[in-house]
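J.: Need coordinates for the following:
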Amino acid sequence: MSSDLRITFLGTGTSVGVPMIGCDCPTCRSTDPRDKRCRSSIYVETPESSWVVDTGPDFRYQCLRAGVRKMDAAVYTHAHMDHVTGFDELRRFTIPEDHWMPIYAHPATLAVLERMFDYAFNGENRYRGYLKPFPKPIHGKFHLGETTLTPLPVLHGKVETNGYLLERGGRKLCAYIPDAKELLPATMAALEGVDTLIIDALRRTPHPTHLTFDESLAIVETVAPREAWFTHFTCEIRHAVEEPTLPEGVRLAYDGLVLEWS
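T.: Next up, the predicted model:
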């Protein structure tokens, strides 16, 4: 790799994806590839390690589309369906009998994964080609290679939810917060000085568990990153219509977008 950190957006859509089943709105009928959105997830690459943040129901297709061939760990934000139900597709990366997949998540999220995928966690299926997860409950900062990941607790419905701050060499390169309604004071403090903020911006209209465009813009104004990228959109957001309305330095992410830091 020529960069210290590379992030590929595997998906930028909300829980139902875009286009949505049975919807004939302009976004769902759009031919703009930026309006075709899988469930939200990112793939992170560094010179020494690669990992995914969340494995939703589109995970297999996302890996094929992005050419993902290496996976050293999986990190989870929370246990909602659109972020965990592609979990079993991680088996492709634990083919040898002695190859385990570290699974980093809040203890409550790990408990849900262990219940949903008991066959993988119960220790009875350690065969070649099967998924062999190694639970890594998150209680604070942790490291993947030379990258420090700091969990960023946020309010999002009734589940324990984390965003993540990624640092290398003492530099706060990026924060990823795909699902949130409110950022806690400690999280806002941790974001001070971050280069790039990737944040939930579900739609223009109010939602009980997700940030709207106006709410996310207020957070961006306070944090003042070099750049900000919105993600996790519904079909109310049509890329070509909405992006020109945003302030300088704020953009809409799309499936396949790659960001790099040197």
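
J.: What distance do you get for Leu131 to Glu236?
T.: 36 Å (CB to CB, to the nearest Å). For the C-beta atoms, the positions are set from N, CA and C on the backbone; glycine is no exception.

J.: what about the two, which has more around it?
T.: Leu131 (22 against 15; other CB atoms under 10 Å).

J.: confidence score at the more buried one?
T.: Looking at Leu131, its pLDDT stands at 95.

J.: need the contact list for it.
T.: Phe87, Asp88, Leu90, Arg91, Thr94, Met101, Phe117, Ala120 (CB atoms under 8 Å, 6 or more residues apart in numbering).

J.: Ile95 too?
T.: Ile95 sits in contact with Arg128, Gly129, where contact means CB under 8 Å, 6+ apart.

J.: Go again with 6 Å.
T.: Gly129 (CB atoms under 6 Å, 6 or more residues apart in numbering).

J.: Turn the contacts of Leu131 into JSON lines, including distance to Thr231.
T.: Output for the contacts of Leu131, formatted as JSON lines (distance: CB to CB, whole Å):
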{"residue": "Phe87", "distance to Thr231": "21"}
{"residue": "Asp88", "distance to Thr231": "24"}
{"residue": "Leu90", "distance to Thr231": "22"}
{"residue": "Arg91", "distance to Thr231": "27"}
{"residue": "Thr94", "distance to Thr231": "28"}
{"residue": "Met101", "distance to Thr231": "25"}
{"residue": "Phe117", "distance to Thr231": "26"}
{"residue": "Ala120", "distance to Thr231": "28"}
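
J.: Can you flag which of those belong to helices?
T.: Among those, DSSP state H puts Ala120 in helices.

J.: Strands along the stretch 151-262 of the chain, start to end?
T.: Ranges of strands within the stretch 151-262 of the chain are 161-168, 171-177, 182-183, 196-200, 227-231, 250-252, 258-261, based on DSSP state E, counting those that start in this stretch.

J.: Return the most buried member of these.
T.: Highest mean neighbour count of the strands of the stretch 151-262 of the chain: strand 196-200, a mean of 26 (counted as mean count of other CB atoms under 10 Å).

J.: quick revisit: widest-spaced pair of the contacts of Leu131?
T.: Using CB to CB, the two most remote members of the contacts of Leu131 are Thr94 and Phe117, lying 12.8 Å apart.

J.: that older thread, of the contacts of Leu131, buried ones?
T.: Buried residues within the contacts of Leu131, counting neighbours by 16 or more other CB atoms under 10 Å: Phe87, Asp88, Leu90, Thr94, Met101, Phe117, Ala120.

J.: Out of those residues, which comes closest to Leu252?
T.: Phe87 (27.8 Å).
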